[in-house]
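Undergrad: Have a look; sequence and predicted model below, questions after that.
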Amino acid sequence: MEMQAPKGTKDMLPQDGYKWHYVENTFKSVAKNFGVREIRTPIFEHTELFLRGVGDTTDVVQKEMYTFNDKGNRSITLKPEGTAPAVRAFIEGRLFNEAQPTKLYYVTPCFRYENVQKGRLRQFHQCGLEVFGSKEPSIDGEVIAFAMDVLKKLGLTKLELHMNNLGCPTCRAKYNEALKEYLGKNYDDLCDTCKSRFEKNPMRILDCKEKKCKEITKGAPSILDYICDECRDHFDKVKEYLDLLNIPYVIDPTIVRGLDYYTKTIFEIINDDFTVIGGGRYDKLIEELNGPDMPAIGFGMGIERMIMALENEGVEIPKEEDFALYIGSRGEEAYKEAFVLANKLRINGAKVEINHMGRSFKAEMKYANKIGARFTTVLGDDELENRVIKLKRMSDGEIFEVSLDNIEEIVNAIK
């Protein structure tokens, strides 16, 4: 049997590494400017974290989690998203005792048993931002500004910010009653999953992907008609802050997001009908997971989906620096000298390669071209005796002579 990666997973091969680094490094650079610190959590957690945090009526929990019992008969789940683990770490690490707000970011693999299709994998990678401790609408504006800054720095231009207001538990209760009254008229036509959600969490029906359920929910009442004054005021102020930053937005009552913890502001950023970022407030999740009553907001950004969006829009992703120098050699003593020289240059920050394959001189020069070396040099008896080497700039063939023993001079010459 030929060994292959499991369905829904992909290898990141060296020729694609620069794309991943570009996305991750851009995200981290923006995080630094916004004063956000990194957090790393395990790739598996106790299943209870996601049952309570994500919601036991969501598709993620009901259909998509990789869950198993470990050798101690504990129920363990590979994390399907990054927010609940970040909240767990925030509580366990007692970060709520620090000055607030606490701003955290992560880059992590996530796992969901999904139908594999374009932009949807069973192992995917996510950059995420979570901000704990502030109830102010300004932090909603800042989080969205962070997301927009990342996307613009990456080079995307066809961006549309869609927002909705999911309100608080009081608003939600009133809306759920109105929604049940509407959906009840078509109860028999709902899929079995939606029927099971009807009593406990009817809002999840709005997120159903089944064609017949999507048709039914088209005429559903809007949650915006059931928002209390406090939640409406919060949302209005969020819009004011976005206006101050000249960030355009579309109010979209159809957005509900696929996770139960969201409250008040939720948002998606869309690039050519392709959602590249999604997030929102989750003011009750910290308390739900036995932490203090503290508000929070965040978002997630899939790396694979982001690379796809960049390629679809034709963004030229900058490739990483090629080798600065290829050192060829003639003879065993010259090879040893090349081996030592390469190590000294690398220690001093130069990207250098030598002949580890026993190539002929002609093959060495072909290889130097193939790896994109900006300079080449060849060590032989004369170079060892005179302690001078010739650096050839590959772009124009110009030759520079430098001292073999002056590492700083060589490094400066091949920059």
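TA: Structure received. Numbering: from 1, shown residues only.
Undergrad: residue contacts, Glu287?
TA: Neighbouring residues of Glu287 by C-beta atoms under 8 Å, 6 or more residues apart in numbering: Asp293, Met294. Backbone N, C-alpha and C define where each C-beta goes, glycine included.
Undergrad: which element is it on?
TA: Assigned by DSSP states H and E, Glu287 falls within helix 285-288.
Undergrad: What residues of stretch 113-133 count as buried?
TA: Neighbour-count burial for stretch 113-133, counted by 16 or more other C-beta atoms under 10 Å, picks out 113-114, 121-133.
Undergrad: so which of those would you say is closest to Arg94?
TA: Using C-beta to C-beta, Phe132 comes nearest to Arg94 of these, at 12.0 Å.
Undergrad: is it true that the closest one touches Phe96?
TA: Yes: using C-beta atoms under 8 Å, Phe132 makes contact with Phe96 at a distance of 7.2 Å.
Undergrad: Between those two, which contacts overlap?
TA: Shared contacts of Phe132 and Phe96, counting by C-beta under 8 Å, 6+ apart, come down to Phe90, Thr102, Ile286, Met294.
Undergrad: Closest to Ile317 out of these?
TA: The nearest member of the shared contacts of Phe132 and Phe96 to Ile317, counting by C-beta to C-beta, is Thr102 at 32.2 Å.
Undergrad: Restricted to buried residues, select the shared contacts of Phe132 and Phe96 in ChimeraX.
TA: Buried residues among the shared contacts of Phe132 and Phe96 (16+ other C-beta under 10 Å), as a ChimeraX selection:
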select :90,102,286,294
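Undergrad: Glu408: how many residues sit nearby?
TA: 10 (other C-beta atoms under 10 Å).
Undergrad: Where does it fall, secondary structure wise?
TA: helix 407-413.
Undergrad: got the buried residues for that helix?
TA: Neighbour-count burial for helix 407-413, counted by 16+ other C-beta under 10 Å, picks out Ile407, Ile410, Val411, Ala413.
Undergrad: possible to save these as TSV with distance to Phe27?
TA: Below are these laid out as TSV (distance: C-beta to C-beta, whole Å):
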residue	distance to Phe27
Ile407	35
Ile410	35
Val411	31
Ala413	35
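Undergrad: pLDDT and distance to Ile266 added to these, as TSV?
TA: Formatted as TSV, the buried residues of helix 407-413 follow (pLDDT from 0 to 100; distance: C-beta to C-beta, whole Å):
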residue	pLDDT	distance to Ile266
Ile407	97	56
Ile410	97	56
Val411	97	51
Ala413	95	55
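Undergrad: So for Tyr175, what pLDDT did the model give?
TA: Tyr175 carries a pLDDT value of 86.
Undergrad: so which helix or strand takes in it?
TA: Counting by DSSP H and E, Tyr175 is part of helix 169-184.
Undergrad: I'd like the next helix or strand past that helix.
TA: Defined by DSSP H and E, the subsequent element after helix 169-184 is helix 192-197.
Undergrad: What lies in contact with that next one?
TA: Thr57, Gln62, Tyr187, Arg204, Ile205, Cys208, Glu210, Cys213.
Undergrad: Double-check Glu81 against Val60; I have them as touching.
TA: Yes: look at Glu81 against Val60 with C-beta under 8 Å: they come within range, at 7.0 Å.
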